[in-house]
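**Q** can you look at this prediction? I've put the sequence above it.
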Amino acid sequence: MFSDSNINRLPLVFKTDAGKNYFQFHLNGQLASLEYYMKEKSKIVLTRLEISKYLNQVEVGSALIERVLEYVYQADFKVVPIDLEVKKYLKKNSRYQKLVAYDGPSNRHTKPVA
């Protein structure tokens with residue numbers, strides 16, 4: 001198993017395959033990926049998390065989501081969470097709520113997507 005410190009040292013890989021974009025971790029020949037696409041110029045839509053059945057899905061999934069959200073923060077983007085696990089992570093980790101894009105026109109009455 002991987003400790004948090006080992007997972008956090010893994011490089012976050014960006015991959016495009018068959019017209020789809022992914023953030024990925026490679027661990028001992030196994031793969032964890034989070035599919036995404038860009039919306040407008042500053043929103044990253046996170047659509048599907050997939051983790052090898054041979055990995056600790058909760059631990060690796062949380063680490064991958066966190067690393068992607070840190071990337072989103074550093075790049076000054078917003079995130080639109082579609083994947084259910086990403087939505088759950090955002091609800092549990094309020095420090096990332098400021099990254100969530102709103103689902104409608106900008107006004108004070110719109111609600112976050114997550």
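**A** Noted; the coordinates are in hand. What you see is a predicted model; the values in this text were computed from it and never measured.
**Q** and the strands in this protein, which stretches?
**A** Along the chain, the stretches classed as strands by DSSP state E are 13-17, 20-27, 30-39, 43-51, 78-81.
**Q** what is the last one packed up against?
**A** Using 3 or more C-beta pairs under 8 Å, 6 or more residues apart in numbering; DSSP states H and E as the contact test, the elements touching strand 78-81 are strand 43-51, helix 57-74, helix 84-92. C-betas here are computed from N, CA, C, even on glycine.
**Q** could you dump those to TSV with mean neighbour count?
**A** Shown next, in TSV, are the helices and strands packed on strand 78-81 (neighbours: other C-beta atoms under 10 Å):
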stretch	mean neighbour count
strand 43-51	19
helix 57-74	18
helix 84-92	17
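**Q** would a markdown table of these with mean pLDDT and distance to residue 22 be doable?
**A** Conversion of the helices and strands packed on strand 78-81 to a markdown table gives the following (pLDDT from 0 to 100; distance: least, C-beta to C-beta, whole Å):
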| stretch | mean pLDDT | distance to residue 22 |
| --- | --- | --- |
| strand 43-51 | 97 | 9 |
| helix 57-74 | 94 | 10 |
| helix 84-92 | 95 | 14 |
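**Q** no more questions from me, cheers.
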